[in-house]
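Sharing a sequence plus its predicted fold:
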Number of protein chains: 2
Amino acid sequence: MDEFLAAAIDEAKQGLAEGGIPIGSVLVLDGKIVGRGHNRRVQQGSSVLHAEMDCLENAGRLSAADYRRATLYSTLSPCDMCSGAVLLYGIPRVIVGENVTFQGPEAYVASRGVEVTVVDNPECKHLMASFISANPALWNEDIGE
Amino acid sequence: MDEFLAAAIDEAKQGLAEGGIPIGSVLVLDGKIVGRGHNRRVQQGSSVLHAEMDCLENAGRLSAADYRRATLYSTLSPCDMCSGAVLLYGIPRVIVGENVTFQGPEAYVASRGVEVTVVDNPECKHLMASFISANPALWNEDIGE
């Protein structure tokens, strides 16, 4: 498996171990991870720190030039908010672990020039399926439903 | 002036007094402010806490039913990320102080069913014009340029 997707899955597992929603993300620049994060809804009572947002926050204030050669990995298809962050910063590539559990606005993001690749990873799907089965209300809250 | 827009402007001024980017936001539910915030790029080194995001974070974890009867106020037209947060949570109304300094994806947000009202407030415009004149690089960083 792609080492960066593996790192995003490690983040998802860390979130799960903390009692949180198992979604992880890493930001890669010039072949190195410059930010990593996972969903913090439970851990920090956060409504905005989805995995991708936590990852971008942890990456710190980067230049536009940096964002524009970066790749964002997420174990799950980015929602409207996280997709919007990708568009704001002009991140050109997004690698998505899976989009069966949930699918964000991938077509819209692609129409704005972002290359979105879905790898359909079984471990990403299993993490979410078992979590949602045990915590449906928490999951619905996370996606605004 | 609308008391809620006035509260958002107060948030923007508080951010300015802290050395930050003067953009403020409040979330209104059933006629009461349930969250308020301002841009935290400078104050917290944050790449994700735009005013609207800070406001939503400070509002805490709300139910989908709450978001769906809320109104988000922002002194400036919400960017792709903040507009995405509005879409994620199904917030049906956004009141925008001004969209001359910067215009987010208002037409797209409207196409997704959100009522976007731009009030073209002179104080909102003045706050941003004077800030950007003095801090162009910081402003460009905030909008990913």
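In hand now; what should we look at?

near chain B, which residues of chain A?
A:41, A:45-49, A:53, A:56-57, A:59-64, A:67, A:79-85, A:87-90, A:108, A:140-141, A:143-145 (C-beta under 8 Å from any C-beta of the partner chain). The way it works is simple: take the backbone N, C-alpha and C, and place the C-beta from them, glycine included.

Spatially central residue for chain A, please.
Residue closest to the mean C-alpha point of chain A, counted by C-alpha atoms, centre = their mean, is A:Ser74 at 3.2 Å.

Return the per-residue confidence for that residue.
pLDDT recorded at A:Ser74 is 98.

Would you agree it is in contact with A:Met53?
No: judged on C-beta atoms under 8 Å, A:Ser74 makes no contact with A:Met53 at a distance of 10.4 Å.

if I look at the two, which residues touch both of them?
Common contact partners of A:Ser74 and A:Met53 (C-beta atoms under 8 Å, 6 or more residues apart in numbering or on different chains): A:Cys82.

For stretch A:90-101, measure first residue to last.
26 Å (C-alpha to C-alpha, to the nearest Å).

for stretch A:41-50, same thing?
End-to-end distance (C-alpha to C-alpha), stretch A:41-50: 7 Å.

Repeat that for stretch A:19-37.
15 Å.

Helix, strand or coil: sort out A:Cys82 for me.
helix (DSSP: H, G, I helix; E, B strand; the rest coil).

got the contact list for it?
Contact analysis of A:Cys82 by C-beta under 8 Å, 6+ apart lists A:His50, A:Ala51, A:Glu52, A:Met53, A:Ser74, A:Gly104, B:Gly84.

ditto for A:Tyr89
A:Tyr89 touches A:Leu56, A:Leu62, A:Ala64, A:Tyr67, A:Arg68, B:Ser47, B:Gly144, counting by C-beta under 8 Å, 6+ apart.

Pull out the buried residues from those residues.
A:Leu56, A:Leu62, A:Tyr67, B:Ser47, B:Gly144 (16 or more other C-beta atoms under 10 Å in any protein chain shown).

all helices of chain A, in order?
Counting by DSSP state H, chain A has helices at residues A:3-17, A:41-44, A:51-59, A:64-67, A:80-89, A:106-111, A:122-134, A:136-142.

Can you lay out these as a markdown table showing mean pLDDT?
Shown next, in a markdown table, are these (pLDDT from 0 to 100):
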| stretch | mean pLDDT |
| --- | --- |
| helix A:3-17 | 98 |
| helix A:41-44 | 98 |
| helix A:51-59 | 98 |
| helix A:64-67 | 98 |
| helix A:80-89 | 98 |
| helix A:106-111 | 98 |
| helix A:122-134 | 97 |
| helix A:136-142 | 95 |
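
related to what we said a few turns ago, report the buried members of the residues of chain A next to chain B.
A:41, A:46-49, A:53, A:56-57, A:59, A:62, A:67, A:79-85, A:87-90, A:108, A:141, A:143-144.

I'd like to know how far A:Gln44 sits from A:Met53.
For A:Gln44, the distance to A:Met53 (C-beta to C-beta, to the nearest Å) stands at 11 Å.

typo on my end, A:Tyr89
12 Å.

Same check on A:Ile132?
20 Å.

With A:Val42 instead?
15 Å.

do A:Asp120 as well
To A:Met53, A:Asp120 is 23 Å away according to C-beta to C-beta.

Over to A:Leu88?
In terms of C-beta to C-beta, A:Leu88 sits 11 Å off from A:Met53.

Please give me every residue in contact with the residue in chain A positioned nearest to chain B.
Chain B sits closest to A:Gly84 of chain A, with a gap of 2.5 Å, by C-beta to the nearest C-beta. A:Gly84 makes contacts with B:Cys79, B:Asp80, B:Met81, B:Cys82, B:Ser83, B:Gly84, B:Ala85, B:Leu87, as judged by C-beta under 8 Å, 6+ apart.

With A:Arg93 instead?
A:Ala70, A:Thr71, A:Leu72, A:Val114, A:Glu115, A:Thr117.

Tell me the most packed of these, by neighbour count.
A:Leu72 (29 neighbours; other C-beta atoms under 10 Å in any protein chain shown).

For it, name its beta-bridge partners.
Beta-bridge partners for A:Leu72, by DSSP bridges, are A:Leu27, A:Val94.

From what I see, it and A:Met53 are in contact.
No: contact criterion C-beta under 8 Å: A:Leu72 and A:Met53 do not qualify, at 10.7 Å.

For stretch A:60-67, measure first residue to last.
First residue to last in stretch A:60-67 (C-alpha to C-alpha) measures 11 Å.

list the contacts for the residue nearest to A:Asp10 when sequence neighbours are not counted?
Excluding the flanking residues, the one nearest A:Asp10 by C-beta to C-beta, 6 or more residues apart in numbering or on different chains is A:Gly24, at 6.7 Å. By C-beta under 8 Å, 6+ apart, A:Gly24 lies in contact with A:7-15, A:36-39, A:51, A:74-75.
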